[in-house]
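Enquirer: Need the 3D shape of this:
(one chain, ligands or ions: 1)
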Amino acid sequence: MQHRYQIIQPGWTITVNSGFEVLRDFAVVLEDNRIQTLIANDAVTELPCYEQAEIIRLPNCALMPGLVNSHTHASMGLFRGIADDLPLMEWLTAHIWPAETRWVDAQFTADGFMLAAAEMMRSGTTCLNDMYYFPDTAARCAQAIGMRSVIGLIVLDFPSVWARDADEYLHKALAAHDEIRELPLVSSAFAPHAPYTVSDESLRLVAMYSSELDVPVHMHVHETAAEVAEAQQKTGLRPLERLDQLNLLNSNLIAVHMTELDEFEIERIAEAGVSVAHCPESNLKLGSGICPVATLLERGVNLCLGTDGAASNNDLDLLGEMRTAALLAKGSSGNASACNARQSIEMATINGARALGLADRIGSIEAGKYADLIAIDLSGLNTQPVYDPVAQIVYAAASRQVSHVWIDGVIQLRDFEFCRLDSDEIVARAASWAQKIRS
Ligand SMILES: [Zn+2]
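Expert: Numbers count the residues shown, from 1 in each chain. All right, here's what the predicted structure looks like:
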């Protein structure tokens, strides 16, 4: 079989390897969908593949691993702006759940997923961790457009557009898991929505399936102080304590939000290897609380970064989220060294990959990994001069400066333009949904 080679020659390569090496004037060589090697630019012509390779010179750009959005509800993009400036439970019960009952079906999921995936790709995200209805539809969309995705197999207690009861959610989750196994760019995670919407019985089964199949569990946990207080009143337990009793606190769990944590809980999740998906902008916008990022980083908890859905953020820009996370950690801890620029990039790349069980495949620029890469053009006024490209990306760059995106070795964005997606078509479909929903 004929191999396909691409040689990318960026000004800087931010590897996000274990030593966080930043290389100047190195080439990254891709063979088909993988990173073959990293080599100094002046030795590149000696490579056996040089003559047949496509050479992509990006002297003004920093190349880094594609961003991993560790928590989103992609298709909710079609609800962006329908209910704002409200607290979580009012937003959810008075606006989002009724709108979902009225509007969500397979076509909604597909059109919403395309809108979100395009927005994410355009802003440097190459892998997303989703939680929504119609996971089979979302998975097929992801594979069709070439977006690496972990698709959440939603589990709830109450009826929705996707399932009637707990049994049907679990049945459909397992069926979707089997279907998704056949898709090379997509994998699945169990996605019980939250402790307050899923029973002990379902959670026990999720814990069992997750351990048998070695599949992550993706769940909102301790999003607000009210959630924790209400659970204590009803069950006598804080939600994390209940999840512990149900065998869910382990390295398969991605606990999203986690704004309310006491000292004992921090120790417990650190020891259990739980990953925390921090969604700073969604937490700020819903007034939900602040995840204690500085402390979690100190304790070695695997912290990753998510946007949440566009109905509570309201964008899906992980680069912006990196900056918010860094600033919020400093501001809330009173420590300017907390969540430094490197840690912020790790949260958005390798830590997300680790949470999703993909750290041996994506999340850093190292030989053998899949070529999920982005280039950020630093030649603009707001990112000049460049003393440190890492600080520049976290504290000064905007997502519109993402110039190139590769997912699985396929170039999806070249010189700021989509190569495969038709953004006019995607926008037209979103506008037509808005017209229906508004009327
Ligand atoms: Zn969420």
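
Enquirer: Measure how buried L170 is and give me the count.
Expert: 20 (other CB atoms under 10 Å). Heads up, the C-betas are built off the backbone N, CA and C, glycines and all.

Enquirer: tell me the contacts of the closest residue to Y5 other than its chain neighbours?
Expert: Leaving aside its sequence neighbours, Y5 sits nearest to A53 (CB to CB, 6 or more residues apart in numbering; 3.7 Å). A53 makes contact with Y5, Q6, I7, V29, L47, according to CB atoms under 8 Å, 6 or more residues apart in numbering.

Enquirer: Please list the members of these that lie in strands.
Expert: Using DSSP state E, the members of the contacts of A53 that fall within strands are Y5, Q6, I7, V29.

Enquirer: Compute the first-to-last residue distance for stretch 188-205.
Expert: End-to-end span of stretch 188-205 (CA to CA, to the nearest Å): 16 Å.

Enquirer: just stretch 251-271 next, same as before
Expert: 10 Å.

Enquirer: for stretch 365-375, same thing?
Expert: OK, stretch 365-375 end separation, CA to CA: 12 Å.

Enquirer: which parts of it are buried?
Expert: For stretch 365-375, burial by neighbour count (16 or more other CB atoms under 10 Å) applies to I365, E366, K369, Y370, A371, D372, L373, I374, A375.

Enquirer: any idea how far V410 is from the fourth one?
Expert: Spelled out, it's Y370. Per CB to CB, to the nearest Å, Y370 is found 10 Å from V410.

Enquirer: list residues touching both of the two?
Expert: By CB under 8 Å, 6+ apart, the residues touching both Y370 and V410 are N33.

Enquirer: contacts for stretch 335-352?
Expert: Outside stretch 335-352, the residues that touch it by CB under 8 Å, 6+ apart are 14, 16, 20, 64-70, 127, 129, 275, 278, 293-294, 297, 302-305, 318-319, 321-323, 325-326, 329-330, 359, 363-364, 388, 390-391, 393-395.

Enquirer: Could you list the alpha-carbon positions for that stretch in PDB?
Expert: Taking C-alpha atoms only, stretch 335-352 is exported to PDB below (Å, rounded to 0.1, in the frame of the first residue of the first chain):
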ATOM      1  CA  ASN A 335      -2.200  32.700  44.000                       C
ATOM      2  CA  ALA A 336      -0.800  34.000  40.700                       C
ATOM      3  CA  SER A 337       1.200  30.800  40.100                       C
ATOM      4  CA  ALA A 338      -1.900  28.500  40.300                       C
ATOM      5  CA  CYS A 339      -2.800  26.900  37.000                       C
ATOM      6  CA  ASN A 340       0.100  28.200  35.000                       C
ATOM      7  CA  ALA A 341       0.100  28.300  31.200                       C
ATOM      8  CA  ARG A 342       1.600  24.900  30.800                       C
ATOM      9  CA  GLN A 343      -0.900  23.300  33.100                       C
ATOM     10  CA  SER A 344      -3.700  25.000  31.300                       C
ATOM     11  CA  ILE A 345      -2.500  23.500  28.000                       C
ATOM     12  CA  GLU A 346      -2.100  20.100  29.600                       C
ATOM     13  CA  MET A 347      -5.700  20.200  30.900                       C
ATOM     14  CA  ALA A 348      -6.900  20.900  27.400                       C
ATOM     15  CA  THR A 349      -4.900  18.200  25.700                       C
ATOM     16  CA  ILE A 350      -3.100  15.300  27.400                       C
ATOM     17  CA  ASN A 351      -5.200  15.300  30.600                       C
ATOM     18  CA  GLY A 352      -8.400  15.200  28.500                       C
END
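
Enquirer: still on that earlier bit, so which of the buried residues of stretch 365-375 are in helices?
Expert: The helices, defined by DSSP state H, take in nothing from the buried residues of stretch 365-375.

Enquirer: Could you point out the helix or strand that follows the helix or strand bottoming out on mean pLDDT in the chain?
Expert: For the chain, using mean pLDDT, DSSP states H and E, the weakest element among its helices and strands is helix 88-90, scoring a mean of 90. Going down the chain from helix 88-90, the next helix or strand is helix 97-103, by DSSP states H and E.

Enquirer: Show me what that next one is packed against.
Expert: helix 423-438 (3 or more CB pairs under 8 Å, 6 or more residues apart in numbering; DSSP states H and E).

Enquirer: measure A430 to R361 for me?
Expert: In this view, A430 and R361 are 31 Å apart by CB to CB.

Enquirer: got the domain boundaries for the chain?
Expert: Domain assignment for the chain by automatic domain parsing gives 5-65+370-418, 67-355.

Enquirer: Distance from the chain centre to the shortest one, please.
Expert: With CA atoms, centre = their mean, to the nearest Å as the basis, the distance from the averaged C-alpha position of domain 5-65+370-418 to the chain average is 21 Å.

Enquirer: Also stretch 104-124?
Expert: From the chain centre to the centre of stretch 104-124 is a distance of 14 Å (CA atoms, centre = their mean).
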